[in-house]
Every structure is written in C-alpha cells, then in structure tokens.
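Trainee: Provided below for reference: sequence and predicted model.
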Amino acid sequence: MLADAHAGKAVQVVTYPRHVDTVNERYDYDWLVLRTALEKSAHAFGPFELRQLDEAMSPQRVKQELALPQGRINVLARASTPEMEQDLLPIRIPIDKGLLGFRVFFVRAADLPRFAAVRSVQDLRALNAGLGKDWADVSILRAAGIPVVEGSFESLIPMLMAGRFDFYSRGVDEAPLELRQYQQRFPQLALEPTLMLHYPLPRYIFLRRDAEGERLARRIKAGLETMVQDGTLNALFRQHKGPVIERCKLDKRRLLTIRNPRISPTAPLNRPELWYRPLEGK
C-alpha cells in the first residue's frame with residue numbers, strides 16, 4: 001500500500017487490524033513496537049503512515065484478510081504456528097521477548113491447595129487444562145501429556161467455574177486484566193500464585209507473501225534489529241510488560257517447562273538477547 005504524500009515522496013501505508021470480542025488495549029504494545037520499528041527504519045526506507053482498520057474482525061478473519069491479495073490490512077501480530085509461517089511472511093524477532101510462552105493459571109479458589117502441591121509436569125498431567133479452540137497452545141500441552149478441553153474464548157471462564165476443567169492457562173500479560181474483568185461476576189475465580197508453565201512461543205509480526213509484503217518485511221526487520229541492538233525493544237518491554245511481571249511475581253513461581261514440538265526450526269532460540277528470562281531477571 002503506497003500513497004503519494006503532499007511533499008511528493010512515497011509514503012508507506014501500514015494498516016493493522018482491529019480485533020473483535022477481545023480487549024484491543026492488549027495489542028497496544030504490539031503496535032507501539034511496530035511504530036518504533038518503522039520510525040527506526042525511516043532514514044533508510046522513507047516516510048510511513050500507520051493506521052488501524054475501522055472494522056473489527058475475529059482472529060480468523062484477520063488472518064484471512066491479510067492473506068487476500070487486496071486485503072485491507074497488511075500486517076498483524078500473532079503467536080507463531082507452522083500454518084501461520086506457511087501462509088504468511090514472518091519476521092522472526094519475538095516482539096514480546098517470548099513472554100506469551102510464560103503461562104499462569106486461572107483456577108477455582110477452592111482448588112488453590114491442590115495446585116500449591118504441584119511440583120512437576122507429571123503432577124500437572126493429572127489435571128485438565130482449558131484452552132481456546134485451535135489455539136497454538138492446544139497441541140503443545142497435549143504433546144506434553146496434559147489433557148486439554150477446548151472452548152470459545154467467551155465460554156472458558158464460565159466452563160472453568162462450572163468444573164468442566166481444572167485450570168485455564170493464560171499469558172502473563174493477559175491474566176491480571178481478565179481477572180479484573182471477571183472476578184465480580186465469578187467471585188470464586190482465582191489467579192494461582194505458585195506455578196508458571198513455560199514453552200517457547202514467539203509472537204511475530206506477519207505480512208502478506210507478496211512483493212509489497214517482502215518490502216515491508218525488510219523495513220520492519222531492519223527497524224526491529226536496530227531496536228534490539230540499541231536497547232529500545234528491551235526498554236519498551238520493561239516499560240509496558242514490567243508492571244504485569246511484577247504483579248504476577250514471576251521470579252517467585254515454580255517454573256515447569258515443556259517443549260513446543262511445532263516450533264519452527266528457524267525460530268531464533270540461539271539468540272538469548274531476544275528472549276525474556278524471568279529467573280535471571282532479564
């Protein structure tokens with residue numbers, strides 16, 4: 001999407017989605033990282049305009065829109081899966097430093113002692129997890145031998161409170177916000193304070209697989225690499241994710257680690273500067 005600015009220079013227009021049935025503020029950090037990457041690359045790639053699509057879309061529709069040759073968005077941010085990386089063009093720098101792969105649990109308050117006794121992944125296999133239908137996490141937990149019950153996003157907390165499963169796995173920066181949203185309606189909903197499940201789950205910026213997408217990918221990747229090298233990405237992460245990391249006391253939790261058998265071999269796991277490490281305070 002190129003347009004002519006009044007100064008006569010080509011302006012790269014970057015349009016990101018508006019999500020339906022979720023809290024759009026959850027994505028503010030993603031778009032701030034994107035804007036900063038575009039700014040960092042402006043000297044080499046020229047001016048840009050960043051805008052949000054007016055129409056709200058479901059996650060499935062967002063992906064479909066980006067895949068269309070004339071789709072109205074040309075960028076999205078999402079957890080990586082083999083299907084996403086095949087259909088779309090990933091920039092393999094985890095914009096949240098892999099924080100999405102650190103999971104805490106919503107449970108029923110009466111079950112807190114049961115979870116405080118969990119010491120290993122083997123112990124966790126005796127409990128049923130609740131996850132959204134077709135989420136990337138479903139296959140990861142099942143591959144680790146943890147039973148999973150799937151439901152729609154809107155139904156998962158009511159299903160937990162009705163006893164359909166034992167815990168609802170959420171990202172660290174999702175859980176406190178959702179606890180505030182739901183606790184008045186479900187006073188027995190609790191955020192389990194002792195455990196943290198981890199698996200590598202990078203959240204990437206994705207673009208369309210076409211010539212424009214490749215040009216935009218080169219620009220965003222250059223900007224993100226600059227942000228990694230000059231410390232900007234880490235500073236934004238600390239500023240925007242630090243408070244929720246403190247609230248969840250990640251450094252005080254027992255860390256249970258499982259594999260992500262579907263992670264791409266191209267994931268930059270050999271670059272420690274790209275990943276959050278809670279037990280090292282980095």
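Mentor: Ah, there it is. Numbering: from 1, shown residues only.

Trainee: distance of residue 39 from residue 19?
Mentor: To residue 19, residue 39 is 24 Å away according to CB to CB, to the nearest Å. The way it works is simple: take the backbone N, C-alpha and C, and place the C-beta from them, glycine included.

Trainee: repeat that for residue 193.
Mentor: In terms of CB to CB, residue 193 sits 29 Å off from residue 19.

Trainee: who has more neighbours, these two?
Mentor: residue 19 (18 against 14; other CB atoms under 10 Å).

Trainee: thought residue 27 was touching that one, still the case?
Mentor: Yes - Residue 19 is within contact range of residue 27, at 6.6 Å (criterion: CB atoms under 8 Å).

Trainee: buried set for stretch 266-282?
Mentor: Counting neighbours by 16 or more other CB atoms under 10 Å, one finds that the buried residues in stretch 266-282 are 267, 269, 274-276, 278.

Trainee: cool, and stretch 211-225?
Mentor: 213, 216-217, 219-225.

Trainee: with stretch 95-108 instead?
Mentor: Neighbour-count burial for stretch 95-108 [16+ other CB under 10 Å]: 95-108.

Trainee: and that stretch, how far apart are its ends?
Mentor: Stretch 95-108 has an end-to-end distance of 32 Å (CA to CA, to the nearest Å).

Trainee: repeat for stretch 60-78
Mentor: Span of stretch 60-78 from end to end, CA to CA: 11 Å.

Trainee: rewinding a little: and the buried residues of stretch 211-225, which is closest to residue 51?
Mentor: Nearest to residue 51 among these: residue 216, at 14.0 Å, using CB to CB.

Trainee: any idea how far the closest one is from residue 235?
Mentor: For residue 216, the distance to residue 235 - CB to CB - is 24 Å.

Trainee: immediately after the helix or strand that contains residue 34, which helix or strand?
Mentor: According to DSSP states H and E, residue 34 maps onto helix 28-40. Remark: after helix 28-40, the chain's next helix or strand is helix 42-45, criterion DSSP H and E.

Trainee: dump that following helix to PDB, restricted to CA.
Mentor: C-alpha atoms of helix 42-45 as PDB (Å, rounded to 0.1, in the frame of the first residue of the first chain):
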ATOM      1  CA  ALA A  42      12.600   5.800   8.200                       C
ATOM      2  CA  HIS A  43      16.100   7.100   7.300                       C
ATOM      3  CA  ALA A  44      16.700   4.100   5.100                       C
ATOM      4  CA  PHE A  45      13.200   3.300   3.800                       C
END
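
Trainee: what's that helix packed up against?
Mentor: For helix 42-45, the elements it packs on are helix 211-230, judged by 3 or more CB pairs under 8 Å, 6 or more residues apart in numbering; DSSP states H and E.

Trainee: and the helix it packs on, how far out from the chain middle?
Mentor: Distance of helix 211-230 from the chain centroid (CA atoms, centre = their mean, to the nearest Å) equals 19 Å.

Trainee: contacting residues around that helix?
Mentor: 1-2, 12, 14, 33-34, 36-41, 44-45, 74-75, 89, 91, 93, 95, 205, 207, 232-234, 236, 273-274 (CB atoms under 8 Å, 6 or more residues apart in numbering).

Trainee: residues near residue 36, how many?
Mentor: Residue 36 - counted by other CB under 10 Å - has 18 other residues nearby.

Trainee: now do the strands in the protein.
Mentor: Assigned by DSSP state E, the strands in the chain fall at 2-4, 10-19, 48-57, 76-79, 89-91, 102-108, 129-132, 148-151, 167-171, 189-191, 195-198, 203-207, 254-257.
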